[in-house]
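Student: no sequence on hand, only this structure:
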């Protein structure tokens, strides 16, 4: 069973986490199922960027991003070459290490921390 390793995030996961993930389940659902309350303003329909994560390891084990996801990622705060929308990135056979950015577009607009 692959593991989803979450790097420490000040608010959502201060100590980081190592989660037993299920193949075929999105990173967003895996986080939510394990008490890490990542934002997902569009209810996981690939219509916003609030669930943006940066994949630090295991990027190539994830299915390729759709054109729609790529277009949305262009608007994400803190975009990096290995950025993904966690609602669209589905776990495969390999471990994946993710970093949840400090801000999302929603938090920046609402005057985040």
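Tutor: In hand now; what should we look at? On a predicted model such as this, the values are computed, not experimentally measured, just so you know.
Student: all strands of the protein, in order?
Tutor: 3-6, 17-20, 52-57, 83-85, 96-99 (DSSP state E).
Student: can you give the distance of the second one from its chain's centre?
Tutor: Which is strand 17-20. 14 Å (Cα atoms, centre = their mean, to the nearest Å).
Student: one step back: out of the strands of the chain, which gets nearest to residue 42?
Tutor: Nearest to residue 42, of all these, is strand 83-85, at 9.4 Å by Cβ to Cβ. Glycine gets a C-beta too; all of them are placed from N, C-alpha and C.
Student: which other helices and strands contact that closest one?
Tutor: Here strand 83-85 touches strand 52-57, helix 67-73, going by 3 or more Cβ pairs under 8 Å, 6 or more residues apart in numbering; DSSP states H and E.
Student: go again using 6 Å as the cut-off
Tutor: Applying 3 or more Cβ pairs under 6 Å, 6 or more residues apart in numbering; DSSP states H and E, we find strand 83-85 packed against strand 52-57.
Student: give me the contacts around the strand it packs on.
Tutor: 76, 80, 82-84, 86, 97-101 (Cβ atoms under 6 Å, 6 or more residues apart in numbering).
Student: just confirm residue 87 contacts residue 51, I think it does.
Tutor: Yes: at 5.0 Å, residue 87 counts as touching residue 51 under the criterion of Cβ atoms under 6 Å.
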